[in-house]
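Participant: Turn this into a structure:
(chains A, B, C and D, ligands or ions: 6)
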Amino acid sequence: MITKQSLEILSHIQIAEETFEVVLRSALSKELKPGQFVHIALPGHMLRRPVSIANVDPEAETFTMIFKIFGEGTRHLSKYQAGDKLDVILPCGTHYPIENLKLEHALLVGGGIGVPPLYYLGKQLKDKGVKVTSVLGFQSASQVFYEEKFQQLGDTFIATNDGSYGQKGFVTDIISELGSPFDYYFSCGPTPMLKAVTDQLADKKGYISLEERMGCGVGTCYACVVPLKADPTKNKKICKDGPVFLANEVSLA
Amino acid sequence: MITKQSLEILSHIQIAEETFEVVLRSALSKELKPGQFVHIALPGHMLRRPVSIANVDPEAETFTMIFKIFGEGTRHLSKYQAGDKLDVILPCGTHYPIENLKLEHALLVGGGIGVPPLYYLGKQLKDKGVKVTSVLGFQSASQVFYEEKFQQLGDTFIATNDGSYGQKGFVTDIISELGSPFDYYFSCGPTPMLKAVTDQLADKKGYISLEERMGCGVGTCYACVVPLKADPTKNKKICKDGPVFLANEVSLA
Amino acid sequence: MSLTVNLPGLSLKNPIMPASGCFGFGKEYSQFYDLNQLGAIIVKAATGEARYGNPTPRVAETSSGMLNAIGLQNPGVEKIITDELPFLRQYHTPIIANIAGSTVEEYVKVAKTLNQSQDIAAIELNISCPNVKEGGVQFGTDPELAKQVTDQVKEASDYPVYVKLSPNVTNITTMAKAVVGAGADGLSMINTLTGMQINLKKRAPVIANKTGGLSGPAIKPIAIRMIYEVRQALSNVPIIGMGGIMNAEDVLEFLLAGANAVAVGTANFQNPNICPEIIAELPGILSRYGFESVEEAVGKGHIIHG
Amino acid sequence: MSLTVNLPGLSLKNPIMPASGCFGFGKEYSQFYDLNQLGAIIVKAATGEARYGNPTPRVAETSSGMLNAIGLQNPGVEKIITDELPFLRQYHTPIIANIAGSTVEEYVKVAKTLNQSQDIAAIELNISCPNVKEGGVQFGTDPELAKQVTDQVKEASDYPVYVKLSPNVTNITTMAKAVVGAGADGLSMINTLTGMQINLKKRAPVIANKTGGLSGPAIKPIAIRMIYEVRQALSNVPIIGMGGIMNAEDVLEFLLAGANAVAVGTANFQNPNICPEIIAELPGILSRYGFESVEEAVGKGHIIHG
Ligand SMILES: Cc1cc2nc3c(=O)[nH]c(=O)nc-3n(C[C@H](O)[C@H](O)[C@H](O)COP(=O)(O)OP(=O)(O)OC[C@H]3O[C@@H](n4cnc5c(N)ncnc54)[C@H](O)[C@@H]3O)c2cc1C
Ligand SMILES: Cc1cc2nc3c(=O)[nH]c(=O)nc-3n(C[C@H](O)[C@H](O)[C@H](O)COP(=O)(O)OP(=O)(O)OC[C@H]3O[C@@H](n4cnc5c(N)ncnc54)[C@H](O)[C@@H]3O)c2cc1C
Ligand SMILES: Cc1cc2nc3c(=O)[nH]c(=O)nc-3n(C[C@H](O)[C@H](O)[C@H](O)COP(=O)(O)O)c2cc1C
Ligand SMILES: Cc1cc2nc3c(=O)[nH]c(=O)nc-3n(C[C@H](O)[C@H](O)[C@H](O)COP(=O)(O)O)c2cc1C
Ligand code: FES
Ligand code: FES
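Facilitator: Ligands and ions are numbered 1, 2, ... in the order given. Predicted coordinates for the structure are as follows:
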């Protein structure tokens, strides 16, 4: 059941350069699935901001999100503190449908603020006994976060654009070296990265998660569409039919 | 020297129904004169709000203002707390020119949020050895403030519209009863009250202080004019030529 | 306290309805509340055939507003009738179909096709569309074109027609008079103002379509002015007012300006519960300002001289 | 980093100037900072004779904007020349005189009278005034009237003439082309959009004049769109852009849209130091977005096709 709630911030800490981890309490937490997002209202801003669910603690009835300062809205959000309330619509969108998948080894490919949703996904995969390998790309060392957490899920490789940490280059460089011992990949990150990854792994089954400027976040305004690969005269709403799509379902610009 | 400053709120307390007293620290305090006002910026509001100076403590370098919740801006201002900063333009406007007046007995006539500037005026008059009589009008008992403070300056009479405190009726009723043993009157309050008072005291010398919706607050935008009595095709700016005017200088609508 | 409003084809339990394009076809927001609470529902624009709409980004945020260039994405009028409207049958809330087109013929086709549906109560004729035949001039900015399309749609339709005016004109009363003269049963105003935002990093307009329609509280003073002017010029025409409504005080401001009912658009995106919240607040606001019914407040912001 | 801008009659050290009506004749804000910092100063409108202006209230606050109906209060062009402009001689900052009128003759008289002054560098021709002879139609909404007044003022004036366009029109490029065709040396855009606010308690418009001009960030997307459109249509005309500028990023957005310089209006009321603050911020913002001068940024928000 999608709903609008006023949620208490339990913790709000900086975990990397301009990158914040926020824990919120909501009774809905246990229903949240990996890949879904929440849609956040900020006073003084007309539109909400979509942010992915990065982790869930069903017992504590809390969930975590991780965001990076991008513009005015995320800058505003960075000033919140534990104890403040946040007006949130949740849960939004589709999830990685791992309950229906038969798989033994999953490759997670994340870039920048596309990394967070993969963490919760990886945790659930590991709980199901799936082997998890993670390839994470960041701009530079100062932006890297959650490396140890991903390591607890399985092998984890980091690429940075400037080489200041891990391997210099792109996630695709690491993927080339890895070979392809996995049966499914799951990727989230900037569109150019998704395009490169889906091209590189064209012969693999995979799911990707997309971003687009949103209005409603629930499917009424048609702001957030992406054309279908099979028929580019038709499109899907990222907020409702996505953000998770089959890798070959949609056409990346 | 008029200037824009970010001032610390030293105290912010409620003193009557929807009425707040705020003490601010500014090195300019000692230059502030009775009748002048400050022009306050509020985040999320395009225009500043003018509020009169109600008291000054030159040694502590602080000044006091008193405001009532009227609309959105003053409601916002009511939520501030000690320690917060306020963006203020000060000092604005003219003052009651008591340094140039020969007087022995002053009548102060205030209505509602017109009462505050008269307190600082009364204090200065008393310091000069002038006898002070105050007639203050409020809507009802719950709105009365500063009665004891005015009593320390001299005889003080309160009228309330609904008779819930002091005398039932208007300040003009009390003035009629007082007779006119004073040489100057000083009045501030809603325009209908000012009109009634200036009509009633037409044969007396007096100063009044006016209110109008303002833009700039410093004299550039021509928002806040009032026609001259002598020549209604000409007008004065309340923010710069006023808010204090000779009782017969301007035409009250 | 009576909130009811009666307008051609519309018997409303209250004057609040979601605006076209800001509520889809109702399904999504029905997860948030019972749509029976609404006065009416104006659904997303229907065109003759399915439309993809514009490329993305389609929206941008501005100070107290937003820009959109959705580009009339919709599955086409037939599919709307068969796949979308039936869902709304479960509610006792009148449905207003918003229609759009690139030629007079397309408008007429959509209007005629809608006659087959029993699920709607009225038509909102969106004339803020460029006329491909007339070289892209908007129907809504040329009084002659506006008249023509209104006249033809009135002829084609069995339902009352509310013409939705564009604010991007020099003289709104000229437009209002033109469409009322052509038989419009009522007016709906205002649509969005054309605006643009430029992305400093990309050195290009944020919206892929370059320009978009400005909505939200930023445009409220323009909406109020236009409704006031049209109400002065046409004292009896039914007006559905919209443009920046965020709360019940805003609703009263529109009623005072001369609107008979109102639509809430952009605010739904910020707060999906906004319509029922406004409906709940409205009686208190009306009585605080001395009104005993919605109908009593209509047009009362006009100074009566003498 | 070069901030200089050269336009007809105006050699500006930077592109920032206070907008007409939002800075009086400079005296008041000279208490806040040294006016030498400014690129130029556009002073309050001058008419043929002194004008009282409109009754009060003259201003209202809106979401991200304000309404004003000052009504051209000014002491008349003669007094402006003798009593107001001389104060500004102490600054090395070009002064632009804003002129207004109710008839073409009044505009011409004001323009001619201003030829006597050595204190100005250019004229801003405010055509958002109703023409009393033409029954109150605004000069700025009728291309023919706009052409006529521009032509006559150009003839009368020894100074370059920047025509200030009204945004309350269906087609801004038609207006721009009309006045440029009539000899305008440049354009100044945009003036305010006509709006209204209704006081719920009083059941009447807040502004005594009923309608007022909407300014501030609320209208920025409309200003950007209109400047972009005019720049597309007229690639070389000098444009002074304005409408909702609050910071240096806004300035860059206007430059990218096609403005050569900008004016800051309403923001002065919120922050009397806004102009020098923007000037100080501007070099950093320009270089953050990859520009080495103001002139380099002009028009760079237009997508170059191919
Ligand atoms: C489904 C989804 C999940 C996301 N998850 C995360 C996450 O977990 N962590 C994170 O840091 N970011 C995430 N993002 C991106 C995040 O929404 C944007 O960074 C944010 O909206 C930028 O807002 P702003 O006010 O800081 O930027 P501004 O540029 O000032 O915003 C202006 C407008 O553009 C929109 N906008 C700008 N960039 C984006 C973008 N990349 N995607 C969508 N809208 C955008 C804003 O929402 C706003 O409406 C996600 C986006 C989507 C669509
Ligand atoms: C010189 C001067 C001194 C003042 N001193 C005091 C004081 O000491 N204490 C006090 O409580 N109030 C004082 N006022 C009145 C105070 O400025 C208004 O109550 C306040 O501006 C209302 O703002 P709002 O946002 O609450 O109301 P809203 O109605 O939401 O404000 C909307 C707009 O109208 C303006 N406005 C509304 N009412 C007034 C008014 N009466 N005068 C001027 N502008 C108005 C606001 O400033 C704002 O621009 C003074 C006004 C003036 C002109
Ligand atoms: C995302 C979006 C889509 C819209 N789509 C339509 C539409 O299809 N047909 C129409 O007539 N108006 C459409 N509008 C205009 C609104 O119905 C409304 O007239 C306008 O937004 C002003 O109201 P508001 O400020 O409350 O949003 C749309 C507005 C928005 C924001
Ligand atoms: C109080 C006020 C008075 C104005 N007076 C004039 C004027 O006399 N002449 C003129 O051409 N424009 C006048 N304007 C319009 C401004 O110069 C400017 O074009 C408009 O306000 C948009 O810019 P902004 O949003 O930065 O204020 C006035 C604007 C305001 C707010
Ligand atoms: S954001 Fe409105 S449909 Fe996706
Ligand atoms: S408020 Fe601007 S002149 Fe008085």
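Participant: From here on, just use CA atoms for contacts and neighbour counts.
Facilitator: Noted.
Participant: Quick one: neighbours of the closest residue to ligand 4 within the stretch 101-250 of chain A, just the number.
Facilitator: Scanning the stretch 101-250 of chain A for the residue nearest ligand 4 gives A:G215, at 26.0 Å (criterion: Cα to the nearest ligand atom). The burial metric for A:G215, expressed as a neighbour count using other Cα atoms under 10 Å in any protein chain shown, is 31.
Participant: can you pull the contacts of it?
Facilitator: For A:G215, the contacting residues are A:47-48, A:221, A:223-224, C:59, C:269, taking Cα atoms under 8 Å, 6 or more residues apart in numbering or on different chains as the criterion.
Participant: first to last residue in stretch A:244-253, what's the distance?
Facilitator: 16 Å (Cα to Cα, to the nearest Å).
Participant: now it, how far from the chain's geometric center?
Facilitator: Taking the mean C-alpha point of stretch A:244-253 and that of its whole chain, the gap between them comes to 15 Å (Cα atoms, centre = their mean, to the nearest Å).
Participant: ok, and what's touching it?
Facilitator: Contacting residues not belonging to stretch A:244-253 are listed as A:35, A:93-96, A:191, A:194-195, A:198, A:205-210, A:226-230, A:232, A:238 [Cα under 8 Å, 6+ apart].
Participant: what's the answer for stretch C:267-287, then?
Facilitator: Residues outside stretch C:267-287 that contact it (Cα under 8 Å, 6+ apart) are A:4, A:41, A:46-48, A:215-217, C:1, C:3, C:14, C:16-18, C:22-23, C:29, C:32-33, C:37-38, C:216, C:244-249, C:251-252, C:264, C:292-294.
Participant: Please produce a ChimeraX select command covering the buried subset of the residues you listed.
Facilitator: If you want just the buried ones from those in ChimeraX, going by 16 or more other Cα atoms under 10 Å in any protein chain shown, the selection is:
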select /A:4,41,46,47,48,215,216,217 /C:3,14,16,17,18,22,23,29,37,38,216,244,245,246,247,248,249,251,252,264,293,294
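Participant: What about the contacts of stretch C:267-287, which are in strands?
Facilitator: A:4, A:41, C:16-18, C:264 (DSSP state E).
Participant: before we move on, the earlier item: using ChimeraX, define a selection of the buried residues within the contacts of stretch A:244-253.
Facilitator: Below is the selection syntax for ChimeraX that covers the buried ones among the contacts of stretch A:244-253, with 16+ other Cα under 10 Å defining burial:
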select /A:35,93,94,95,96,191,194,195,198,206,207,208,209,210,226,227,228,238
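Participant: Take the contacts of stretch A:244-253 and keep only those in helices.
Facilitator: Using DSSP state H, the subset of the contacts of stretch A:244-253 located in helices is A:191, A:194-195, A:198.
Participant: Just confirm C:L67 is within a strand.
Facilitator: Yes. Looking at C:L67 with DSSP: H, G, I helix; E, B strand; the rest coil, it is inside a strand.
Participant: Would you mind measuring from it to C:E292?
Facilitator: Spatial separation of C:L67 from C:E292 under the definition Cα to Cα is 37 Å.
Participant: same thing with C:G186?
Facilitator: 24 Å.
Participant: what's the burial count for the residue in the stretch 1-150 of chain A positioned nearest to chain D?
Facilitator: Proximity to chain D, evaluated over the stretch 1-150 of chain A using Cα to the nearest Cα, is greatest for A:G44 at 9.9 Å. Neighbour count for A:G44, taken as other Cα under 10 Å: 13.
Participant: residues touching it, list them.
Facilitator: A:G44 is in contact with B:44, C:64, counting by Cα under 8 Å, 6+ apart.
Participant: secondary structure class for it?
Facilitator: coil.
Participant: Looking at it now. What's its pLDDT?
Facilitator: According to the prediction, A:G44 has pLDDT 94.
Participant: what sits against the nearest residue to A:K205 once chain neighbours are set aside?
Facilitator: Taking Cα to Cα, 6 or more residues apart in numbering or on different chains, and ignoring the residues beside it in sequence, A:K205 has A:Y184 as its nearest neighbour in space, at 5.1 Å. A:Y184 makes contact with A:103, A:105-107, A:204-207 under the criterion Cα under 8 Å, 6+ apart.
Participant: Mind checking which of those residues land in strands?
Facilitator: Within these, membership in strands is found for A:105-107, A:205-207, as judged by DSSP E.
Participant: which of those residues lies closest to chain B?
Facilitator: The shortest approach to chain B among the ones in strands among the contacts of A:Y184 belongs to A:Y207, at 42.2 Å (Cα to the nearest Cα).
Participant: In this structure that closest one contacts A:Y185, no?
Facilitator: Yes. Using Cα atoms under 8 Å as the test, A:Y207 is close enough to A:Y185 to be in contact (6.4 Å).
Participant: hmm, back to that, dump the contacts of A:G215 into a markdown table; add distance to B:V56, pLDDT and secondary structure as well.
Facilitator: Shown next, in a markdown table, are these (distance: Cα to Cα, whole Å; pLDDT from 0 to 100; DSSP: H, G, I helix; E, B strand; the rest coil):
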| residue | distance to B:V56 | pLDDT | secondary structure |
| --- | --- | --- | --- |
| A:L47 | 44 | 98 | coil |
| A:R48 | 45 | 98 | coil |
| A:C221 | 55 | 97 | coil |
| A:A223 | 56 | 97 | coil |
| A:C224 | 57 | 97 | coil |
| C:V59 | 51 | 97 | strand |
| C:F269 | 48 | 98 | helix |
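Participant: Could you pull up the contacting residues of the residue nearest to A:F170 when sequence neighbours are not counted?
Facilitator: Closest residue in space to A:F170, ignoring its immediate chain neighbours: A:A159 at 5.8 Å, by Cα to Cα, 6+ apart. Residues in contact with A:A159 (Cα under 8 Å, 6+ apart) are A:135-138, A:165-171, A:174.
Participant: 7 Å instead, please
Facilitator: By Cα atoms under 7 Å, 6 or more residues apart in numbering or on different chains, the residues touching A:A159 are A:136-138, A:165-171.
Participant: Confirm that it sits in a strand.
Facilitator: Yes. Note on A:A159: a strand contains this position according to three-state DSSP.
Participant: Compute the distance between it and A:V171, please.
Facilitator: Taken as Cα to Cα, the spacing of A:A159 relative to A:V171 amounts to 6 Å.
Participant: Up against ligand 1, what does chain C have?
Facilitator: The interface of chain C toward ligand 1, taken as Cα under 6 Å from any ligand atom, is made up of C:60-61.
Participant: ranges for the helices of chain C?
Facilitator: With DSSP H, the ranges of helices along chain C come out as C:77-79, C:104-115, C:143-156, C:172-181, C:220-233, C:248-257, C:267-270, C:274-288, C:294-297.
Participant: Check the stretch 101-250 of chain A too.
Facilitator: A:115-127, A:147-151, A:171-178, A:191-200 (DSSP state H, counting those that start in this stretch).
Participant: Format those helices as TSV; extra columns: distance to A:D57 and mean pLDDT.
Facilitator: What follows is those, written out as TSV (distance: least, Cα to Cα, whole Å; pLDDT from 0 to 100):
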stretch	distance to A:D57	mean pLDDT
helix A:115-127	10	96
helix A:147-151	15	95
helix A:171-178	29	89
helix A:191-200	29	93
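Participant: Packed most tightly, which of those would that be?
Facilitator: Using mean count of other Cα atoms under 10 Å in any protein chain shown, the stretch among the helices of the stretch 101-250 of chain A with the largest mean neighbour count is helix A:115-127, at a mean of 23.
Participant: what separates that one from the chain centre, distance-wise?
Facilitator: The chain centroid and the centroid of helix A:115-127 are separated by 10 Å, computed with Cα atoms, centre = their mean.
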